[in-house]
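Peer 1: here is a sequence together with a model predicted from it:
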Amino acid sequence: MIPGFVISILTFPGVIVHEAAHMLFCRLRGVAVLDYCFIRVGNPAGYVIHERTGNFTTSLLISVGPFFVNSILCFVICLPAFFPMEIFHVQDPLTYVFLYLGVSIGMHAFPSTGDAKTLWGEAKEAAGKGNLLAYASYPVVGLIYVANVLSIVWFDALYGVALGVGLPHLILDSLS
């Protein structure tokens, strides 16, 4: 087994983008960021500490925002590298740099168990007030925990490769 901090160092662009996405959604929703660290050696590899939102939709967006940002960036960064490699058989070093960046960003798409714990607490409170979105978020919290448990069998890496290489491959196959 490879320790998590080693994987975080090797895939640091993904950690940075993940934390920047948390911060982005804090800024978009007007939530004050109290402290942050984009990358460090340790657990967690990065963090964003923000004020309590008082709004479940805002909490949900801050918690799951990195999933959408990292996933989209993984695909967008890998796509221009994948097509020249597959269509023209160009294997330039820059192609591999883009694939590394995209996949490392995709690997860090899933929210952490800390994000899930925070979201769960906010969801329970909001559900107690009748918030339907809070009820709908329960399976999301469950999926976050499952994805984090499966990371011990490289599920996060498989997700990054599937999104950055597999999806473009499916698109290319559908075009031919």
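Peer 2: The structure has been received and is ready for your questions. Not measured: the values here are computed from a predicted model. Numbering: from 1, shown residues only.
Peer 1: and residue 128, how far from residue 117?
Peer 2: In this view, residue 128 and residue 117 are 17 Å apart by Cβ to Cβ, to the nearest Å. The C-beta positions use only the backbone N, C-alpha and C, and glycine is treated the same way.
Peer 1: those two: which is more packed in?
Peer 2: Applying other Cβ atoms under 10 Å to residue 128 and residue 117 shows that residue 117 carries more neighbours, namely 14 against 9.
Peer 1: Three-state assignment for the more buried one, please.
Peer 2: Following DSSP: H, G, I helix; E, B strand; the rest coil, we place residue 117 in the helix state.
Peer 1: what's the helix or strand for residue 14?
Peer 2: helix 12-28 (DSSP states H and E).
Peer 1: what's the mean pLDDT across that helix?
Peer 2: Averaging pLDDT along helix 12-28 yields 97.
Peer 1: helices or strands next to the next helix or strand after it in the packing?
Peer 2: Tracing the chain past helix 12-28, the next element assigned as helix or strand by DSSP H and E is strand 33-37. Applying 3 or more Cβ pairs under 8 Å, 6 or more residues apart in numbering; DSSP states H and E, one finds that strand 33-37 makes contact with helix 12-28, strand 47-50.
Peer 1: buried ones in the shortest one?
Peer 2: Residues of strand 47-50 classed as buried: 47-48, 50 (neighbour count, 16 or more other Cβ atoms under 10 Å).
Peer 1: got phi/psi on the residue nearest to residue 97 when sequence neighbours are not counted?
Peer 2: Using Cβ to Cβ, 6 or more residues apart in numbering and skipping the chain neighbours, the partner closest in space to residue 97 is residue 81 (8.0 Å). Backbone torsions of residue 81, given as degrees, to the nearest 10, read phi -80, psi -40.
Peer 1: residue 71 is nearest to which of the helices and strands packed on strand 33-37?
Peer 2: Using Cβ to Cβ as the measure, helix 12-28 is the one of the helices and strands packed on strand 33-37 that comes nearest residue 71, at 10.1 Å.
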